[in-house]
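Visitor: Sequence and predicted structure are below.
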Amino acid sequence: MNFIKAEEFTDSTLVELISDDKYNEELAKRADKVRKAIYGSDVYVRGLIEFSNYCKNDCYYCGIRRSNKNIERYRLDFDELIMCAKIGYKLGYRTFVLQGGEDMAYKDDDICRIVEEIKKIHSDCAITLSLGERSKNSYRAFYNAGADRYLLREETSNRQHYYKIHPSEMSFENRRQCLFDLKEIGFQVGGGFMVGSPYQEDEDLVKDLRFLQELEPDMVGIGPYISQHDTPFKDMENGSYKKTLRLVSILRLMFPYCLIPATTALGTINPFGREEGLRAGANVLMPNLSPTSYRELYSLYDNKICTGDEAAECRSCLELRVKKAGYNIVTARGDVSKTKRFYVEKRGLCKLN
(Lines give C-alpha, C1' and ligand atoms only; values in the text may rest on other atoms or scores of the structure.)
Protein backbone atom coordinates (compact mmCIF):
# COMPACT_ATOMS: atom_id res chain seq x y z
CA MET A 1 0.00 0.00 0.00
CA ASN A 2 1.13 3.54 -0.77
CA PHE A 3 0.54 5.33 2.49
CA ILE A 4 -1.61 8.45 2.32
CA LYS A 5 -2.53 11.20 4.73
CA ALA A 6 -4.31 9.89 7.81
CA GLU A 7 -7.09 12.44 7.34
CA GLU A 8 -7.75 10.91 3.91
CA PHE A 9 -8.20 7.33 5.13
CA THR A 10 -11.16 5.74 3.39
CA ASP A 11 -13.16 3.00 5.02
CA SER A 12 -11.61 0.42 2.70
CA THR A 13 -8.10 1.70 3.51
CA LEU A 14 -8.81 1.36 7.22
CA VAL A 15 -10.15 -2.17 6.81
CA GLU A 16 -6.98 -3.14 4.97
CA LEU A 17 -4.70 -1.61 7.61
CA ILE A 18 -6.70 -3.13 10.47
CA SER A 19 -6.86 -6.62 8.99
CA ASP A 20 -3.26 -7.30 7.96
CA ASP A 21 -0.30 -7.92 10.31
CA LYS A 22 2.14 -6.81 7.63
CA TYR A 23 1.37 -3.17 8.41
CA ASN A 24 2.40 -3.29 12.09
CA GLU A 25 6.01 -2.17 11.67
CA GLU A 26 5.34 0.64 9.21
CA LEU A 27 2.33 1.98 11.11
CA ALA A 28 4.26 1.93 14.41
CA LYS A 29 7.21 3.73 12.84
CA ARG A 30 5.02 6.51 11.48
CA ALA A 31 2.91 6.77 14.63
CA ASP A 32 5.99 7.02 16.84
CA LYS A 33 7.31 9.82 14.63
CA VAL A 34 4.07 11.74 15.09
CA ARG A 35 3.92 11.30 18.87
CA LYS A 36 7.56 12.34 19.23
CA ALA A 37 6.94 15.46 17.13
CA ILE A 38 4.21 16.49 19.57
CA TYR A 39 5.08 14.93 22.92
CA GLY A 40 8.72 13.96 22.51
CA SER A 41 9.59 10.85 24.51
CA ASP A 42 7.38 11.84 27.43
CA VAL A 43 5.11 9.23 28.97
CA TYR A 44 2.43 10.42 31.37
CA VAL A 45 1.43 8.23 34.29
CA ARG A 46 -2.02 8.15 35.88
CA GLY A 47 -2.53 6.60 39.29
CA LEU A 48 -5.44 4.20 38.93
CA ILE A 49 -7.69 3.64 41.94
CA GLU A 50 -10.23 0.85 41.35
CA PHE A 51 -12.59 1.77 44.16
CA SER A 52 -15.52 -0.64 43.69
CA ASN A 53 -16.29 -3.86 41.85
CA TYR A 54 -20.05 -3.61 42.33
CA CYS A 55 -21.91 -2.93 39.09
CA LYS A 56 -25.58 -2.63 38.21
CA ASN A 57 -24.91 -3.70 34.62
CA ASP A 58 -24.75 -7.21 33.22
CA CYS A 59 -22.39 -6.86 30.24
CA TYR A 60 -21.72 -10.31 28.84
CA TYR A 61 -17.93 -9.86 28.64
CA CYS A 62 -17.21 -8.38 32.07
CA GLY A 63 -16.09 -10.22 35.18
CA ILE A 64 -17.72 -7.75 37.60
CA ARG A 65 -21.15 -8.00 35.92
CA ARG A 66 -23.97 -8.11 38.43
CA SER A 67 -24.88 -11.74 37.65
CA ASN A 68 -21.45 -13.01 38.67
CA LYS A 69 -22.13 -14.69 41.99
CA ASN A 70 -18.59 -16.07 42.31
CA ILE A 71 -16.84 -12.78 42.87
CA GLU A 72 -16.11 -11.24 46.26
CA ARG A 73 -17.41 -7.68 46.16
CA TYR A 74 -15.72 -4.67 47.76
CA ARG A 75 -15.95 -0.90 48.07
CA LEU A 76 -13.23 1.47 49.21
CA ASP A 77 -14.37 3.93 51.81
CA PHE A 78 -13.60 7.64 51.84
CA ASP A 79 -10.44 7.35 53.96
CA GLU A 80 -9.04 4.49 51.86
CA LEU A 81 -9.52 6.51 48.67
CA ILE A 82 -7.83 9.57 50.10
CA MET A 83 -4.92 7.46 51.35
CA CYS A 84 -4.44 5.94 47.87
CA ALA A 85 -4.17 9.45 46.44
CA LYS A 86 -1.66 10.51 49.12
CA ILE A 87 0.52 7.49 48.37
CA GLY A 88 0.29 8.21 44.66
CA TYR A 89 1.25 11.84 45.10
CA LYS A 90 4.40 10.86 46.99
CA LEU A 91 5.29 8.54 44.10
CA GLY A 92 5.01 11.38 41.60
CA TYR A 93 1.52 10.92 40.17
CA ARG A 94 -0.26 14.13 39.22
CA THR A 95 -3.39 12.54 37.83
CA PHE A 96 -5.64 10.14 39.68
CA VAL A 97 -8.15 7.95 37.87
CA LEU A 98 -11.09 6.89 40.04
CA GLN A 99 -12.58 3.86 38.31
CA GLY A 100 -15.30 1.50 39.34
CA GLY A 101 -18.30 -0.45 38.21
CA GLU A 102 -21.58 1.42 37.91
CA ASP A 103 -22.07 1.28 41.67
CA MET A 104 -25.01 3.45 42.63
CA ALA A 105 -24.20 3.08 46.32
CA TYR A 106 -21.87 6.02 45.69
CA LYS A 107 -24.29 8.93 45.41
CA ASP A 108 -23.41 12.15 43.64
CA ASP A 109 -22.61 13.80 46.96
CA ASP A 110 -20.20 10.97 47.83
CA ILE A 111 -18.29 11.34 44.57
CA CYS A 112 -18.21 15.13 44.91
CA ARG A 113 -16.87 14.88 48.45
CA ILE A 114 -14.08 12.55 47.32
CA VAL A 115 -13.14 14.82 44.41
CA GLU A 116 -13.20 17.95 46.56
CA GLU A 117 -11.02 16.39 49.25
CA ILE A 118 -8.38 15.13 46.81
CA LYS A 119 -8.29 18.54 45.14
CA LYS A 120 -8.04 20.25 48.52
CA ILE A 121 -5.00 18.17 49.48
CA HIS A 122 -3.41 17.99 46.01
CA SER A 123 -4.45 21.17 44.21
CA ASP A 124 -1.90 20.66 41.41
CA CYS A 125 -3.39 17.32 40.36
CA ALA A 126 -5.99 16.34 37.81
CA ILE A 127 -8.81 13.96 38.64
CA THR A 128 -10.23 11.60 36.06
CA LEU A 129 -13.49 9.79 36.75
CA SER A 130 -14.54 6.53 35.12
CA LEU A 131 -17.90 5.71 36.68
CA GLY A 132 -19.94 4.75 33.65
CA GLU A 133 -23.27 6.20 32.63
CA ARG A 134 -24.79 8.83 34.91
CA SER A 135 -27.20 11.68 34.35
CA LYS A 136 -26.08 14.96 32.85
CA ASN A 137 -26.84 16.65 36.17
CA SER A 138 -24.56 14.16 37.93
CA TYR A 139 -21.76 14.83 35.47
CA ARG A 140 -22.19 18.56 35.97
CA ALA A 141 -21.99 18.13 39.76
CA PHE A 142 -18.75 16.14 39.43
CA TYR A 143 -17.28 18.81 37.15
CA ASN A 144 -18.26 21.61 39.53
CA ALA A 145 -16.65 19.66 42.39
CA GLY A 146 -13.33 19.78 40.53
CA ALA A 147 -13.15 16.66 38.33
CA ASP A 148 -11.18 17.41 35.17
CA ARG A 149 -11.59 14.37 32.93
CA TYR A 150 -13.99 11.54 32.32
CA LEU A 151 -13.33 8.18 30.68
CA LEU A 152 -16.24 6.33 29.10
CA ARG A 153 -15.44 3.79 26.42
CA GLU A 154 -18.28 3.43 23.93
CA GLU A 155 -17.10 -0.21 23.50
CA THR A 156 -18.67 -0.50 20.02
CA SER A 157 -20.24 1.89 17.52
CA ASN A 158 -22.34 -0.73 15.75
CA ARG A 159 -25.81 -0.88 17.34
CA GLN A 160 -26.37 -4.51 16.34
CA HIS A 161 -22.98 -5.52 17.73
CA TYR A 162 -23.71 -3.59 20.93
CA TYR A 163 -26.69 -5.79 21.70
CA LYS A 164 -24.72 -8.96 21.00
CA ILE A 165 -22.40 -8.13 23.90
CA HIS A 166 -24.82 -6.22 26.18
CA PRO A 167 -28.29 -7.07 27.52
CA SER A 168 -31.32 -5.33 26.00
CA GLU A 169 -31.91 -3.34 29.20
CA MET A 170 -28.85 -1.22 28.36
CA SER A 171 -28.96 1.62 25.85
CA PHE A 172 -26.62 2.02 22.89
CA GLU A 173 -27.93 5.55 22.33
CA ASN A 174 -27.56 6.67 25.93
CA ARG A 175 -23.93 5.61 26.16
CA ARG A 176 -23.05 7.71 23.13
CA GLN A 177 -25.11 10.64 24.40
CA CYS A 178 -23.25 10.55 27.72
CA LEU A 179 -19.99 11.24 25.89
CA PHE A 180 -21.39 14.32 24.18
CA ASP A 181 -22.96 15.49 27.47
CA LEU A 182 -19.56 15.26 29.13
CA LYS A 183 -17.95 17.31 26.35
CA GLU A 184 -20.66 19.95 26.55
CA ILE A 185 -20.15 20.31 30.29
CA GLY A 186 -16.42 20.91 29.80
CA PHE A 187 -14.70 17.67 30.71
CA GLN A 188 -11.64 16.43 28.90
CA VAL A 189 -13.28 13.31 27.50
CA GLY A 190 -11.90 9.88 26.76
CA GLY A 191 -13.62 7.28 24.59
CA GLY A 192 -12.48 3.90 23.34
CA PHE A 193 -13.36 0.36 22.44
CA MET A 194 -12.36 -3.28 22.74
CA VAL A 195 -10.43 -4.94 19.94
CA GLY A 196 -11.61 -8.42 19.04
CA SER A 197 -14.70 -8.53 21.23
CA PRO A 198 -17.08 -11.40 20.41
CA TYR A 199 -18.85 -11.08 17.04
CA GLN A 200 -16.82 -7.99 16.09
CA GLU A 201 -15.92 -7.43 12.44
CA ASP A 202 -13.18 -5.18 11.09
CA GLU A 203 -15.90 -2.96 9.65
CA ASP A 204 -17.16 -2.43 13.22
CA LEU A 205 -13.73 -1.08 14.16
CA VAL A 206 -13.94 1.39 11.27
CA LYS A 207 -17.27 2.57 12.69
CA ASP A 208 -15.54 3.03 16.05
CA LEU A 209 -12.90 5.22 14.44
CA ARG A 210 -15.53 7.26 12.60
CA PHE A 211 -17.47 7.80 15.81
CA LEU A 212 -14.30 9.06 17.50
CA GLN A 213 -13.81 11.50 14.63
CA GLU A 214 -17.28 12.84 15.40
CA LEU A 215 -16.58 12.98 19.14
CA GLU A 216 -13.09 14.53 18.85
CA PRO A 217 -11.94 13.12 22.21
CA ASP A 218 -8.96 14.24 24.26
CA MET A 219 -8.12 10.65 25.20
CA VAL A 220 -8.69 7.28 23.53
CA GLY A 221 -8.24 4.00 25.38
CA ILE A 222 -8.34 0.67 23.62
CA GLY A 223 -7.27 -2.83 24.53
CA PRO A 224 -7.67 -6.39 23.33
CA TYR A 225 -10.75 -8.26 24.47
CA ILE A 226 -9.67 -10.82 27.09
CA SER A 227 -12.14 -13.45 28.28
CA GLN A 228 -13.18 -13.88 31.90
CA HIS A 229 -14.03 -17.30 33.28
CA ASP A 230 -17.27 -16.28 35.03
CA THR A 231 -18.97 -14.71 31.99
CA PRO A 232 -21.12 -16.08 29.14
CA PHE A 233 -18.17 -15.37 26.83
CA LYS A 234 -15.69 -17.43 28.86
CA ASP A 235 -14.86 -19.66 25.87
CA MET A 236 -14.56 -16.86 23.32
CA GLU A 237 -11.20 -16.21 21.67
CA ASN A 238 -9.16 -13.28 22.97
CA GLY A 239 -8.60 -10.25 20.79
CA SER A 240 -5.52 -9.98 18.60
CA TYR A 241 -2.44 -8.43 20.19
CA LYS A 242 -1.00 -7.31 16.85
CA LYS A 243 -4.29 -5.87 15.65
CA THR A 244 -4.55 -3.87 18.86
CA LEU A 245 -1.08 -2.43 18.26
CA ARG A 246 -2.05 -1.48 14.71
CA LEU A 247 -5.10 0.32 16.00
CA VAL A 248 -3.02 2.20 18.58
CA SER A 249 -0.88 3.43 15.67
CA ILE A 250 -3.90 4.30 13.54
CA LEU A 251 -5.37 6.27 16.44
CA ARG A 252 -2.12 8.23 16.85
CA LEU A 253 -2.14 9.04 13.14
CA MET A 254 -5.80 10.02 13.05
CA PHE A 255 -5.76 11.84 16.41
CA PRO A 256 -2.19 13.15 16.77
CA TYR A 257 -2.97 15.32 19.80
CA CYS A 258 -4.68 12.56 21.83
CA LEU A 259 -3.49 11.00 25.04
CA ILE A 260 -3.44 7.27 24.32
CA PRO A 261 -2.65 4.72 27.02
CA ALA A 262 -0.70 1.52 26.62
CA THR A 263 -3.29 -0.39 28.59
CA THR A 264 -2.99 -3.06 31.25
CA ALA A 265 -4.87 -5.39 28.91
CA LEU A 266 -2.04 -5.06 26.38
CA GLY A 267 0.44 -5.97 29.10
CA THR A 268 -1.73 -8.88 30.16
CA ILE A 269 -1.98 -10.44 26.71
CA ASN A 270 1.78 -10.01 26.09
CA PRO A 271 4.55 -9.52 28.68
CA PHE A 272 5.98 -6.62 26.67
CA GLY A 273 2.63 -5.28 25.54
CA ARG A 274 2.86 -1.91 27.27
CA GLU A 275 6.34 -1.21 25.89
CA GLU A 276 5.19 -2.19 22.40
CA GLY A 277 2.14 0.00 22.88
CA LEU A 278 4.43 2.97 23.52
CA ARG A 279 6.44 2.14 20.40
CA ALA A 280 3.18 1.99 18.46
CA GLY A 281 2.25 5.56 19.44
CA ALA A 282 0.82 5.43 22.97
CA ASN A 283 2.00 7.96 25.56
CA VAL A 284 0.16 7.16 28.80
CA LEU A 285 0.46 4.42 31.44
CA MET A 286 -1.98 3.78 34.27
CA PRO A 287 -0.32 1.88 37.12
CA ASN A 288 -2.51 0.67 39.93
CA LEU A 289 -2.68 2.48 43.28
CA SER A 290 -5.48 0.35 44.71
CA PRO A 291 -4.70 -1.59 47.90
CA THR A 292 -3.19 -4.93 46.90
CA SER A 293 -5.80 -6.82 48.92
CA TYR A 294 -8.49 -5.65 46.47
CA ARG A 295 -6.75 -5.77 43.11
CA GLU A 296 -7.50 -9.38 42.21
CA LEU A 297 -11.16 -8.70 42.97
CA TYR A 298 -11.39 -6.08 40.21
CA SER A 299 -11.40 -8.90 37.69
CA LEU A 300 -12.75 -7.46 34.46
CA TYR A 301 -10.81 -10.20 32.64
CA ASP A 302 -8.55 -13.14 33.49
CA ASN A 303 -4.83 -13.06 34.37
CA LYS A 304 -4.64 -9.30 34.91
CA ILE A 305 -1.06 -8.18 35.61
CA CYS A 306 0.34 -6.29 38.61
CA THR A 307 -2.32 -7.46 41.07
CA GLY A 308 0.30 -8.24 43.71
CA ASP A 309 2.69 -5.31 43.32
CA GLU A 310 2.85 -2.57 45.89
CA ALA A 311 2.36 0.89 44.40
CA ALA A 312 6.02 1.86 44.86
CA GLU A 313 7.24 -1.41 43.32
CA CYS A 314 4.96 -0.95 40.34
CA ARG A 315 6.12 2.66 39.82
CA SER A 316 9.81 1.71 40.01
CA CYS A 317 9.40 -1.26 37.68
CA LEU A 318 7.49 0.80 35.13
CA GLU A 319 10.11 3.54 35.12
CA LEU A 320 12.86 1.05 34.30
CA ARG A 321 10.84 -0.66 31.60
CA VAL A 322 9.80 2.61 29.98
CA LYS A 323 13.37 3.88 29.94
CA LYS A 324 14.57 0.63 28.41
CA ALA A 325 11.96 1.06 25.67
CA GLY A 326 13.39 4.50 24.84
CA TYR A 327 10.91 6.78 26.62
CA ASN A 328 10.77 8.73 29.88
CA ILE A 329 8.10 8.91 32.55
CA VAL A 330 7.36 12.52 33.48
CA THR A 331 5.72 14.02 36.54
CA ALA A 332 3.07 16.20 34.94
CA ARG A 333 -0.71 16.34 34.61
CA GLY A 334 -0.42 15.94 30.85
CA ASP A 335 -3.44 17.94 29.76
CA VAL A 336 -4.30 18.05 26.07
CA SER A 337 -3.36 21.50 24.86
CA LYS A 338 -5.54 23.34 22.37
CA THR A 339 -2.35 24.93 21.07
CA LYS A 340 -0.90 21.50 20.33
CA ARG A 341 -4.11 20.41 18.67
CA PHE A 342 -4.09 23.52 16.49
CA TYR A 343 -0.43 23.00 15.61
CA VAL A 344 -0.97 19.39 14.62
CA GLU A 345 -4.02 20.08 12.50
CA LYS A 346 -2.54 23.11 10.75
CA ARG A 347 1.01 21.84 10.26
CA GLY A 348 0.08 18.42 8.93
CA LEU A 349 2.06 16.31 11.38
CA CYS A 350 -0.43 13.50 10.83
CA LYS A 351 0.73 12.91 7.27
CA LEU A 352 1.64 9.33 6.44
CA ASN A 353 3.70 10.12 3.34
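Guide: Cool, got the structure. Numbers count the residues shown, from 1 in each chain.

Visitor: Sticking with the residue nearest to Glu319 when sequence neighbours are not counted, tell me its helix or strand.
Guide: Leaving out its chain neighbours, the residue that sits closest to Glu319 by Cβ to Cβ, 6 or more residues apart in numbering is Ile329, at 5.2 Å. Heads up, the C-betas are built off the backbone N, CA and C, glycines and all. Using DSSP states H and E, Ile329 sits in strand 328-330.

Visitor: Partner strands of that strand and their direction?
Guide: strand 42-45 (parallel) (DSSP bridges).

Visitor: Next, the buried residues of the partner strand.
Guide: Residues of strand 42-45 classed as buried by neighbour count (16 or more other Cβ atoms under 10 Å): 42-45.

Visitor: And Leu48, how close does it get to Thr10?
Guide: Using Cβ to Cβ, to the nearest Å, one obtains 37 Å as the distance from Leu48 to Thr10.

Visitor: Now the element after the longest strand anywhere in the chain, going C-ward?
Guide: Using DSSP state E to define each element, the chain has its longest strand at strand 188-195. The first helix or strand that comes after strand 188-195 along the chain, using DSSP H and E, is helix 202-215.

Visitor: what's next to that next one, contact-wise?
Guide: 11, 14-15, 18-19, 154, 156-158, 161, 176, 179-180, 183, 189, 191, 193, 195, 220, 247, 250-251, 254-255 (Cβ atoms under 8 Å, 6 or more residues apart in numbering).

Visitor: so where's the chain shaky on pLDDT?
Guide: 1-5, 7, 338-353 (pLDDT under 70).

Visitor: What about the one residue sitting closest to the centre of it? Give its phi and psi, please.
Guide: The centroid of the chain falls nearest to Gly221 when counting by Cα atoms, centre = their mean (3.2 Å). Main-chain dihedrals, Gly221, degrees, to the nearest 10: phi -120, psi 120.

Visitor: isn't it right up against Val189?
Guide: No - Gly221 is beyond contact range of Val189, at 11.3 Å (criterion: Cβ atoms under 8 Å).

Visitor: got a list of what Leu179 touches?
Guide: 152, 154, 189, 191, 215, 217.

Visitor: re the thing from before, for the residue nearest to Glu319, give its distance to Ser41.
Guide: Distance from Ile329 to Ser41, by Cβ to Cβ: 10 Å.

Visitor: what pairs with Leu48 across the strands?
Guide: Applying DSSP bridges, one finds that Leu48 bridges with Val97, Asn288.

Visitor: ok, now how distant is it from Asn144?
Guide: 24 Å.

Visitor: swap in Ser67?
Guide: Remark: distance between Ser67 and Asn144 (Cβ to Cβ) = 35 Å.

Visitor: which residues in the protein form helices?
Guide: 11-19, 24-39, 78-90, 108-121, 136-145, 159-165, 172-185, 202-215, 241-254, 264-269, 273-279, 292-295, 311-324, 338-347 (DSSP state H).

Visitor: The longest one: which residues count as buried?
Guide: Judged by neighbour count using 16+ other Cβ under 10 Å, the buried positions of helix 24-39 are 24, 27-28, 30-32, 34-35, 38-39.

Visitor: quick one, what contacts Gln228?
Guide: Counted by Cβ under 8 Å, 6+ apart, Gln228 has contacts 61-63, 234, 299-302.

Visitor: Ok, Phe255 next?
Guide: So Phe255 contacts 212, 217, 220 (Cβ under 8 Å, 6+ apart).

Visitor: From Ser52, how far out is the second one?
Guide: In other words, Pro217. Taken as Cβ to Cβ, the span from Pro217 to Ser52 is 25 Å.

Visitor: before we move on, what about Tyr39?
Guide: Taken as Cβ to Cβ, the span from Tyr39 to Ser52 is 32 Å.

Visitor: can you check Tyr23 too?
Guide: 40 Å.

Visitor: what about these two, which has more around it?
Guide: Taking neighbours as other Cβ atoms under 10 Å, Tyr23 and Ser52 compare with Ser52 leading, 22 against 18.

Visitor: That one contacts Leu98, doesn't it?
Guide: No - contact criterion Cβ under 8 Å: Ser52 and Leu98 do not qualify, at 9.6 Å.

Visitor: Give the burial count for Ser138, as a bare number.
Guide: 16.

Visitor: For it, which residues are in contact?
Guide: 108, 111.

Visitor: what residues are up against the nearest residue to Asp124 once chain neighbours are set aside?
Guide: Nearest non-adjacent residue to Asp124, counting by Cβ to Cβ, 6+ apart: Arg94, 6.5 Å away. The neighbours of Arg94, taking Cβ under 8 Å, 6+ apart as the test, are 122, 124-126, 331-334.
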